[in-house]
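J.: next input, structure requested:
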Amino acid sequence: MSDGKIPQTELVSLESRVDELLRIIDRLEQENDGLRHQQQSLTQERASLIEKTEVARTRVEAMIARLKAMES
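T.: Numbers count the residues shown, from 1 in each chain. Here you go, the predicted structure:
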């Protein structure tokens with residue numbers, strides 16, 4: 001080891017670890033893409049639900065106003 005050369009077994013081990021890290025990076029990138037897509041979908045769904053809630057609230061308030069007008 002004093003001649004500056006790295007033993008073949010260490011190179012093989014290092015190569016194996018690098019390959020494993022590359023596989024992990026690929027898996028994490030795919031997972032991250034999936035989570036971004038899921039977040040986008042949930043954000044759109046939330047906006048849609050908020051809009052539907054506002055429409056329902058407006059309709060209910062209009063019904064209440066009509067009922068109060070009928071009482072008078």
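
J.: centroid-nearest residue for the chain?
T.: Centroid-nearest residue in the chain, with Cα atoms, centre = their mean: Leu35, separated by 2.8 Å.

J.: for that residue, report the pLDDT, please.
T.: For Leu35, the pLDDT comes out at 98.

J.: from Ser48, how far off is it?
T.: Leu35 is 20 Å from Ser48, where distance means Cβ to Cβ, to the nearest Å. C-beta: built from backbone N, CA, C; applies to glycine.

J.: repeat for Leu14
T.: If you go by Cβ to Cβ, the gap between Leu14 and Ser48 works out to 51 Å.

J.: what do you get for Asp19?
T.: 44 Å.

J.: ditto for Glu10
T.: 57 Å.

J.: now do Ala69
T.: Counting by Cβ to Cβ - Ala69 and Ser48 are separated by 32 Å.

J.: can you check Ile24 too?
T.: For Ile24 relative to Ser48 (Cβ to Cβ), the value is 36 Å.

J.: kindly report the same for Glu31.
T.: Using Cβ to Cβ, which is the criterion applied here, Glu31 is 26 Å from Ser48.

J.: one more: Glu54?
T.: Taken as Cβ to Cβ, the span from Glu54 to Ser48 is 11 Å.

J.: helix or strand: which one has Ser41?
T.: Assigned by DSSP states H and E, Ser41 belongs to helix 8-71.

J.: and Ile64, what does it touch?
T.: Ile64 makes no contacts at all, as judged by Cβ atoms under 8 Å, 6 or more residues apart in numbering.

J.: flag the shaky bits of the chain, pLDDT-wise.
T.: Within the chain, the stretches with pLDDT under 70 are 1-2.

J.: how many residues are close by Gln40?
T.: When neighbours are counted by other Cβ atoms under 10 Å, Gln40 registers 10.

J.: my error: substitute Ile25 in the last question.
T.: Counted with other Cβ under 10 Å, residues neighbouring Ile25 total 10.
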